[in-house]
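Chemist: Quick one: sequence plus predicted model below, questions after.
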Amino acid sequence: MRKAALPDDRYPAVSDLRKRAYKRMPFFAWEYLDSGTGEEAAMHRNTDALGRITIMPHFMKGMIEPDISTELFGKTFSAPIGIAPIGYTSLMWPGGEQILAKTAKEKNIVHCLSTMAADTMENCGPISGDNGWFQLYPPKDPKIREDMIKRAKDSGYHTLVVTCDVPAPSMRERQRRAGISIPPKMTPTILYRVLKRPEWALRTLKRGRPTFANMVKYVGNGDGMNFNNIVDFVGSEMGACLDWDYLKEVRKLWDGPLVLKGVLSVEDAMQAVKIGCDGVWVSNHGGRQFEAAPAAIDTLADIKKAVGNKAKIIFCSGVRNANDILRAIALGADFVFMGRPFIYGIGALAEKGGDHVSDLLQADLINNMHQLGIETLEDVRKREVRVDNQVVALPK
Ligand SMILES: Cc1cc2nc3c(=O)[nH]c(=O)nc-3n(C[C@H](O)[C@H](O)[C@H](O)COP(=O)(O)O)c2cc1C
């Protein structure tokens, strides 16, 4: 039997990419990426809770051929893998939005571009094509909302994701300690940190200072020259207005698949389904918003039981390898996204980083299906799953 082939054996796990990315990003960008909120209990709870789940392997299956292709919203993907929306990606690695959009197209997975990206939907949408989703933070002004949704459609985005778990900015203590400010202030410490990362510095110099590119059009004379104005605009215009009526309006404006992201309760999931969402995205924002939030994985099975087949269940928060993907699928997910792992990838390996993460997750997934003795992803739901060694009833 042959060993699973990886694109580069020096980085066989996301943790290897994380270590290398740390050495290549300026400290403030690293802290923006790698941190949670408060004492970071929610962030650690995500990974700890996933690690407590075991899946029983069955052996003596002879030759098996695992198939990881996955159908979602009328499209067949190579694997149930998506790149979660990450605001300001180019702060962490210059040009990151386009690198990841390209990975999505080439590897046939999903890239979800954030409203707060440092590159526009017009630039990134055509690169990801129908592998691209657009994530909307709710603008207060209905005209801007309508315009952003139209721009997403015109840029070729297939699915619209509305994020509901940022009702207010979170404390993000680690980011404050690292001196992160928007707009960025060039203090001697920040300058020193930039100079210690010459490749990042040169690429940023070439690309220009990252800005909230999707917002530029709505501020001042639309040339995006005044960063302070854009930041003021984002502070006053975005968020703190989302409710079920707002979601109903979005539903009317978007005729493609619609997903509500950041759901943790059965009640919110059911309401999203009632309003006509095609997908419910179970997530606690990677532990970045509310420190007392449950681990996202601990809420998944109940949500799947309640939603059944009325909508697709999407999952993220704490996923770091293919076994985590299998754990989430066992507990009810149809598709699994990752945030930080893909950014560790581009931080570590630049243009090759997104492809590398996708390749290693897909190889890891196939390998672990061999270990489990299953040929399709749904088969994982036929295995005994335990949490803290207690057998759990899997959702049907
Ligand atoms: C640096 C960073 C920026 C993020 N920006 C956004 C965003 O703009 N919109 C959004 O819906 N979620 C955002 N998220 C949350 C991710 O989409 C995703 O839910 C989270 O990263 C999943 O957890 P993981 O990093 O453990 O995979 C961000 C996460 C990180 C780490």
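Modeler: Nice, I can see it. Numbers count the residues shown, from 1 in each chain.
Chemist: residue in the stretch 151-300 of the chain nearest to the ligand?
Modeler: G286 (2.7 Å; CB to the nearest ligand atom). For glycine as for every other residue, the C-beta is placed from the backbone atoms N, C-alpha and C.
Chemist: can you confirm that residue is in a helix?
Modeler: Yes - counting by DSSP: H, G, I helix; E, B strand; the rest coil, G286 falls inside a helix.
Chemist: Cross-check the contact I'm expecting between G332 and V392.
Modeler: No - when contacts are counted by CB atoms under 8 Å, G332 is not listed as touching V392 (11.0 Å).
Chemist: if you count what's nearby, which of these two comes out ahead?
Modeler: G332 (22 against 14; other CB atoms under 10 Å).
Chemist: Can you give me the distance of that one to E375?
Modeler: G332 sits 20 Å away from E375, going by CB to CB, to the nearest Å.
Chemist: Enumerate every residue touching the residue of the stretch 151-300 of the chain closest to the ligand.
Modeler: Contacts for G286 (CB atoms under 8 Å, 6 or more residues apart in numbering) come out as G36, M43, N46, A84, C316, S317, G318, G339, R340.
Chemist: mind checking how far the residue of the chain found nearest the ligand is from V14?
Modeler: Closest to the ligand within the chain is G339: 2.0 Å, counting by CB to the nearest ligand atom. Taking CB to CB as the measure, G339 falls 11 Å from V14.
Chemist: Show me what from the stretch 1-150 of the chain comes close to the ligand.
Modeler: When proximity is defined as CB under 6 Å from any ligand atom, the stretch 1-150 of the chain approaches the ligand at Y32, L33, N46, A84, P85, I86, G87, S114, M116, Q135.
Chemist: and the gap between the residue of the stretch 151-300 of the chain closest to the ligand and T187?
Modeler: Between G286 and T187 the distance is 28 Å, computed by CB to CB.
Chemist: Pretty sure M148 sits against T120.
Modeler: No - the criterion here is CB under 8 Å, and M148 misses it with T120 at 11.1 Å.
Chemist: Now do the shared contacts for the two.
Modeler: Going by CB under 8 Å, 6+ apart, residues that sit against M148 and also against T120 are N214.
Chemist: shared neighbours of G332 and V392, which are they?
Modeler: A301.
Chemist: Give me the next element, helix or strand, following the one helix or strand in the chain whose mean pLDDT sits lowest.
Modeler: Sorting the helices and strands of the chain by mean pLDDT, DSSP states H and E puts helix 227-237 at the bottom, at a mean of 79. Following helix 227-237 in sequence order, the next helix or strand is helix 244-253 (DSSP states H and E).
Chemist: which residues sit against that next one?
Modeler: Counting by CB under 8 Å, 6+ apart, residues outside helix 244-253 touching it are 136, 138, 142, 145-146, 149-150, 160, 162, 258, 260, 271-272, 275-277.
Chemist: Quick check: mean pLDDT of that helix?
Modeler: Average pLDDT, helix 244-253: 98.
Chemist: buried sites along that helix?
Modeler: Y246, L247, V250, R251 (16 or more other CB atoms under 10 Å).
Chemist: residues touching K305, list them.
Modeler: Contacts of K305 by CB under 8 Å, 6+ apart are G332, P395, K396.
Chemist: hang on, isn't G318 packed against I325?
Modeler: No - the pair G318 / I325 is not scored as a contact, 11.4 Å apart, by CB under 8 Å.
Chemist: more neighbours, M148 and T120?
Modeler: More crowded of M148 and T120, by other CB under 10 Å: M148, with 24 against 18.
Chemist: contacting residues for the more buried one?
Modeler: M148 neighbours (CB under 8 Å, 6+ apart): T115, L136, P139, N214.
Chemist: Make JSON lines from those residues and add secondary structure to it.
Modeler: Converted to JSON lines, the contacts of M148 look like this (three-state DSSP):
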{"residue": "T115", "secondary structure": "coil"}
{"residue": "L136", "secondary structure": "strand"}
{"residue": "P139", "secondary structure": "strand"}
{"residue": "N214", "secondary structure": "helix"}
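Chemist: pretty sure K352 contacts Y11?
Modeler: No - K352 lies out of contact with Y11 (CB under 8 Å); the separation is 9.9 Å.
Chemist: Could you check which of these two is surrounded by more residues?
Modeler: Y11 (23 against 17).
Chemist: Low-confidence bits of the stretch 201-350 of the chain, can you list those?
Modeler: 222-225 (pLDDT under 70).
Chemist: what ranges do the helices span in it?
Modeler: For the stretch 201-350 of the chain, the helices defined by DSSP state H, counting those that start in this stretch occupy 227-237, 244-253, 266-275, 296-307, 322-330, 340-349.
Chemist: Any chance you could give me the fourth one in CSV, C-alpha atoms only?
Modeler: Backbone C-alpha positions of helix 296-307 (Å, rounded to 0.1, in the frame of the first residue of the first chain) are rendered in CSV as follows:
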residue,chain,number,x,y,z
ALA,A,296,-19.5,25.2,17.9
ILE,A,297,-19.2,21.4,17.5
ASP,A,298,-21.2,20.9,20.8
THR,A,299,-24.2,22.6,19.2
LEU,A,300,-24.1,20.9,15.9
ALA,A,301,-26.0,17.6,16.5
ASP,A,302,-29.0,19.3,18.1
ILE,A,303,-29.2,21.8,15.2
LYS,A,304,-29.0,19.0,12.6
LYS,A,305,-31.7,17.1,14.5
ALA,A,306,-34.0,20.1,14.4
VAL,A,307,-33.3,21.2,10.8
